[in-house]
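1. Here is the input, now give the coordinates:
(4 chains)
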There are 2 protein chains.
Amino acid sequence: MPRIARYSKTAMAERLVTVFKTYGYEGASLSLLADAVELSKASLYHHYPKGKEQIAAHALAYSGARLQRYVLAPLTGDGDGRTRLRQSLDGVASYYDGDMPVCLMNSLLLGEGRLLFGEQIKGAVSAWRRELARAANDAGIAQATQWAEQAIERIQGALVLCRVEGRRAPLDQCLEKLTQV
Amino acid sequence: MPRIARYSKTAMAERLVTVFKTYGYEGASLSLLADAVELSKASLYHHYPKGKEQIAAHALAYSGARLQRYVLAPLTGDGDGRTRLRQSLDGVASYYDGDMPVCLMNSLLLGEGRLLFGEQIKGAVSAWRRELARAANDAGIAQATQWAEQAIERIQGALVLCRVEGRRAPLDQCLEKLTQV
DNA sequence: GTCTATACACCGATAGAC
DNA sequence: GTCTATCGGTGTATAGAC
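-> Purely as a prediction, here's the structure:
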């Protein structure tokens, strides 16, 4: 059964990310990944010659670029601290999209994914914490480093609750409270 | 190669839980599970005739009993609210043990595990939130329901950071701050 | 109650036609 | 650039010896 639909590189990445979010590294089989982009497994290998690990690496890179765009970029610069914080928290809501938002980095930390991508994920979270603390400090928040740590903690916890409850309300409520600081 | 070592039912459950925490439902293969208890795959089927799903169900039940014992039991009763909260938070530190604590319920929410155990996990978290809110209310905390929600949120977020950083410091620091309320 | 041996499906990956 | 067909390996699960 030849497949007709075509997805752009970006649309493909989005769909592949969704599979890894939902199933984790081990659970995301090539069959599931191929189905998600409506291609055969062999065609997937045309786009990703090195196979599953390369697909996951590209998914992670794509997700990392979105984190940079939506969450980190608003934090940089030397504008008003509170404005930067507010814009970044709005970006968090965009970055974690969908009716049941899931953190790809969290899903990829299970099993073999941890060995392959653990250090990269650790670095991304570290960068997030650093920039968030800098903006919080510029915003005049006391103990900015601790505040940033707790903010990320609460966002990640809200995402866990989103997965438990199957809805995005916990994340939106969490972001609203964080914005009120 | 016949295996000699024997583990008690409890020791077996603990080791099986560890595998599901580390690899998730899909990633926890029967080979890994059998290795963890030093039995052959066929011997595992003697203890769990219905196979992997039954092993995961037992692991989840065992973990649920520990949650009840360490975290929920201290919250019940009608003693001093703050004492109950403090004892339960101590229990959280015991429940999430090891050098890199991981929440089994979180790991089992990926992939097929969500279909099999999602409702059960949702119920367990709901019970935790309910009892925590009741104790917080008895302790005279304003907006006890919101406080309980945020406490669970922060604990789960700290556990995510523990997995990212590969250590238990984020959880211990989180629990210390929560106890200071 | 443990094991070896095996069955059959699916896994990740490749060859080669079109 | 897509596909069908296939490979060797591993997955879950079972049969039957001891």
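
2. mind listing the helices for chain A?
-> A:9-27, A:30-36, A:41-47, A:52-67, A:81-95, A:104-107, A:112-138, A:144-165, A:169-179 (DSSP state H).

3. Show me how far the shortest one is from its chain's centre.
-> The reference is to helix A:104-107. In terms of Cα atoms, centre = their mean, to the nearest Å, the centre of helix A:104-107 is found 7 Å from the chain centre.

4. How many residues are close by A:L115?
-> 9 (other Cβ atoms under 10 Å in any protein chain shown). In short, each C-beta sits where N, CA and C put it, glycine included.

5. how about the residues of chain A that lie near DNA strand C?
-> Of all the residues in chain A, those in contact range of DNA strand C (Cβ under 7 Å from any atom of the strand) are A:A28, A:S29, A:L30, A:S31, A:L32, A:K41, A:A42, A:Y45, A:P49, A:G51, A:K52, A:E53.

6. residues near the closest residue to DNA strand C within chain A, how many?
-> Of all residues in chain A, A:G51 sits closest to DNA strand C, at 2.4 Å by Cβ to the nearest atom of the strand. Look at A:G51: counted by other Cβ under 10 Å, it has 12 neighbours.

7. picking that back up, for B:T22, find the nearest of the helices of chain A.
-> Taking Cβ to Cβ, helix A:112-138 is the member of these nearest to B:T22, at 8.3 Å.

8. in that closest one, what's buried?
-> Of all the residues in helix A:112-138, those buried under the rule 16 or more other Cβ atoms under 10 Å in any protein chain shown are A:112-114, A:116-118, A:121-122, A:124-125, A:127-129, A:131-138.

9. Please list the residues of chain A that sit near chain B.
-> Counting by Cβ under 8 Å from any Cβ of the partner chain, chain A comes close to chain B at A:22-27, A:103, A:105-107, A:109-112, A:118, A:121-122, A:125, A:149-150, A:152-161, A:163-166, A:170, A:174, A:177.

10. so where is chain A shaky, pLDDT-wise?
-> A:1-5 (pLDDT under 70).

11. Identify all contacting residues around stretch A:130-137.
-> Here stretch A:130-137 makes contact (Cβ atoms under 8 Å, 6 or more residues apart in numbering or on different chains) with A:72, A:75-76, A:81, A:84-85, A:88, A:144-145, A:147-149, A:151-152.

12. Taking those, tell me the two that lie furthest apart.
-> Applying Cβ to Cβ across the contacts of stretch A:130-137, the maximum distance is between A:T76 and A:E149, 19.0 Å.

13. the more surrounded of those two?
-> Neighbours were counted for A:T76 and for A:E149 using other Cβ under 10 Å; A:E149 has more, 20 against 13.

14. Enumerate every residue touching that one.
-> A:R129, A:A133, B:P170 are the contacts of A:E149 under Cβ under 8 Å, 6+ apart.

15. how many other residues sit next to the residue in chain A that chain B sits nearest to?
-> With Cβ to the nearest Cβ as the measure, A:G157 is the residue of chain A nearest to chain B, at 3.0 Å. Neighbourhood size, A:G157 [other Cβ under 10 Å]: 27.

16. try A:T10
-> 9.

17. what does A:A34 give?
-> A:A34, neighbours per other Cβ under 10 Å, totals 20.

18. thought it was touching A:H47?
-> No. The pair A:A34 and A:H47 fails to qualify as a contact (Cβ atoms under 8 Å) at a distance of 10.5 Å.

19. thinking again about what came up before, distance of the residue of chain A closest to chain B from B:H47?
-> 35 Å (Cβ to Cβ, to the nearest Å).
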